[in-house]
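Trainee: Structure, please.
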Amino acid sequence: MADAALVRVRHCGAAIFCRRAPERCPLCGHPLSGAGLSAAPVRLPSPFRHGHRQPRTFLLRPTAGTFLGGYDGNGDLHVGITNSNGVVYNYSAEGVVREAAGWEQCISVPLVQPDVHGLLQHWDELLEEFSMGETWLPHRY
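Mentor: Here you go, the predicted model:
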């Protein structure tokens, strides 16, 4: 699902994003067929990435569920940082947690430019060292 495209429909003066083009406008309930070219569905590439395939990145996902699976915009979000192998370091009530699964649908922001060779070589050890700091102890959550 991380690579699933999104569909944008314009109607009622709003841009509506969904996984499939609806038959009726979710805002007013009127049929979208015959609404004209401006209301035609447009397929957009998914902004979501498989976080474990994104080395040295900042990740954002819903704390519960996924962006396309039940997230309504009101729930909490959770962040993590990946090492060079896609293991996600994130902070929770248990302290720093290292996860190799569970971040398959995320917003991904690269943190290290490919031409910064010195940082690329030391990223994992710096991330591990940083994660061991007292700031990230469970009782501070």
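Trainee: Would you map out the domains in the chain?
Mentor: Per the TED database, the domain ranges recorded for the chain read 7-43, 51-140.
Trainee: for the longest one, what is the average pLDDT?
Mentor: Per-residue pLDDT over domain 51-140 has a mean of 91.
Trainee: ditto for the shortest one
Mentor: For domain 7-43, the per-residue pLDDT values average out at 85.
Trainee: how distant is it from the center of its chain?
Mentor: What separates the centre of domain 7-43 from the centre of its chain is 24 Å, taken as C-alpha atoms, centre = their mean, to the nearest Å.
Trainee: just the last one next, same as before
Mentor: Going by C-alpha atoms, centre = their mean, the spacing between the C-alpha centre of domain 51-140 and its chain's C-alpha centre is 11 Å.
Trainee: residue contacts, the residue most central in space within the chain?
Mentor: Residue closest to the mean C-alpha point of the chain, counted by C-alpha atoms, centre = their mean, is residue 106 at 2.1 Å. Residue 106 makes contact with 2, 48, 49, 50, 51, 54, 59, 60, 61, according to C-beta atoms under 8 Å, 6 or more residues apart in numbering. Yep, even glycine has a C-beta here, placed from its N, CA and C like the rest.
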